[in-house]
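Q: Sharing a model prediction with you, sequence too.
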Amino acid sequence: MAVKWSVGTLNYKFLKDGKSNVVTSVDWFARDSKEVTRDGKKITYSNRRYGSAGLSTSDLSSFVAYNKIDEDTAVSWVKKSLGDDTVKSIEDSISNQIETQENSTEGKGKPW
């Protein structure tokens with residue numbers, strides 16, 4: 001299992017210090033899933049987190065033009081904004097929730 005990070009939306013200012021469409025925050029998703037076979041049935045356990053990461057726009061020396069931004073770049077901005085400890089905490093939480101689902105001692109359903 002590996003947590004997959006993705007971007008929902010880039011939020012930007014139309015103009016900042018002579019630059020156009022300066023990204024100010026990124027709405028992100030982090031998710032993972034695990035498929036297992038139990039009693040002959042495939043079951044998928046999954047979990048996700050989402051949020052918004054604010055980006056500093058005080059120094060635009062490494063500015064990337066809006067039409068040149070790719071998802072990997074935006075995800076790297078999110079992770080840098082959140083910090084290593086928070087990224088690890090989010091990923092650990094997702095993994096722990098999936099493990100809890102998989103190893104649950106309770107169930108629900110109907111016998112018919």
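A: Good, I have the coordinates.
Q: mind listing the strands in this protein by residue range?
A: For the chain, the strands defined by DSSP state E occupy 4-16, 19-38, 41-54.
Q: so what does the first one touch, helix or strand wise?
A: Okay, so that is strand 4-16. Under the contact criterion of 3 or more C-beta pairs under 8 Å, 6 or more residues apart in numbering; DSSP states H and E, strand 4-16 touches strand 19-38, helix 71-82. Every C-beta, even on glycine, is put in place using the N, C-alpha and C of the backbone.
Q: possible to save those as TSV with mean pLDDT?
A: Output for these, formatted as TSV (pLDDT from 0 to 100):
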stretch	mean pLDDT
strand 19-38	96
helix 71-82	97
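Q: so which of those gets nearest Ser104?
A: strand 19-38 (11.3 Å; C-beta to C-beta).
Q: buried ones in that closest one?
A: 19, 22-23, 25-28, 30, 32 (16 or more other C-beta atoms under 10 Å).
Q: try stretch 55-72
A: 55, 57, 63, 69.
Q: from those residues, which is closest to Gln101?
A: Using C-beta to C-beta, Leu55 is the member of the buried residues of stretch 55-72 that lies nearest Gln101, at 33.3 Å.
Q: Low-confidence ranges, the chain, go.
A: 1 (pLDDT under 70).
Q: so how far is Asp17 from Val7?
A: 24 Å (C-beta to C-beta, to the nearest Å).
Q: Same check on Lys110?
A: For Lys110, the distance to Asp17 equals 62 Å [C-beta to C-beta].
Q: neighbour count winner among these two?
A: Using other C-beta atoms under 10 Å, the more surrounded residue of Lys110 and Asp17 is Asp17, with 11 against 4.
Q: what's the first-to-last distance across stretch 50-58?
A: End-to-end distance for stretch 50-58, by C-alpha to C-alpha, to the nearest Å: 25 Å.
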